[in-house]
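> Predicted model follows, preceded by the sequence.
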Amino acid sequence: SKVADVVEMMSQWEMYIDDTPGITVAEIKAKLRRLPKIDLVVIDYLQLLTSGRNIDNRVQEVSEITRNLKIMAKEMDIPLLTLSQLSRSSDKRTDHRPMLSDLRESGSIEQDADMVMFLFREEYYEEDTEERGQAECILAKNRHGATDTVKLIFDGAHSQFVSRENFRDAP
């Protein structure tokens, strides 16, 4: 089955998961240096990191964290995927699609990121929408190319987003 194929493929991946609370970028960097070749680093999520310094202003702290993450990724030559919370600004708008200004706690997230992508489902906000099961992947920033929006299907039964072309083949 397709699920078994994916599980088999993933079983070959070398993954290292670190759930240290309040970890700093310096600590992440030190841990990464002890590992063999790194293909991808995923931070889930930015607001759980700390600068390790006493900074009273959280916006300034997040700015320092994003800057240090960018420096780390460049120095170590590794791709970095960082998840971030959004502010509640989109809840107050008629069009709930997230925008760059909705990134929580700092404009530095937008500034330091090479790409920013959002997942959006209208039915999250409006249960009676005609858009049930529809989703969008919004490429809101792309430092090296164009921005775009890709229409997806949200398969709630499997908690996954799939392309419209592959929806029928989904597990």
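Now that the structure is in, tell me what you want to look at. Residues are numbered from 1 along each chain as shown.

> Could you list the low-pLDDT ranges of this structure?
1, 166-171 (pLDDT under 70).

> one more time with 50, if that's ok
170-171 (pLDDT under 50).

> Show me how it divides into domains.
According to automatic domain parsing, the chain comprises the domains 1-113, 114-171.

> Tabulate these (TSV), appending mean neighbour count.
From N, CA and C alone the C-beta is placed, and that goes for glycine too. Converted to TSV, those look like this (neighbours: other CB atoms under 10 Å):
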stretch	mean neighbour count
domain 1-113	14
domain 114-171	13
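
> quick check, residue 152 in a helix?
No. Read with DSSP: H, G, I helix; E, B strand; the rest coil, residue 152 is strand and lies in no helix.

> Surely it and residue 133 touch.
No. With contact defined as CB atoms under 8 Å, residue 152 does not count as touching residue 133 (9.7 Å).

> Name the single longest helix found in the chain.
Counting residues, the longest helix in the chain under DSSP state H turns out to be helix 58-76.

> tell me what that one is packed against?
helix 25-33, strand 80-82, helix 108-112 (3 or more CB pairs under 8 Å, 6 or more residues apart in numbering; DSSP states H and E).

> let's see it at 10 Å
Helices and strands in packing contact with helix 58-76 are listed as helix 25-33, strand 41-43, strand 80-82, helix 108-112; criterion 3 or more CB pairs under 10 Å, 6 or more residues apart in numbering; DSSP states H and E.

> between these, which gets nearest to residue 163?
strand 80-82 (19.2 Å; CB to CB).
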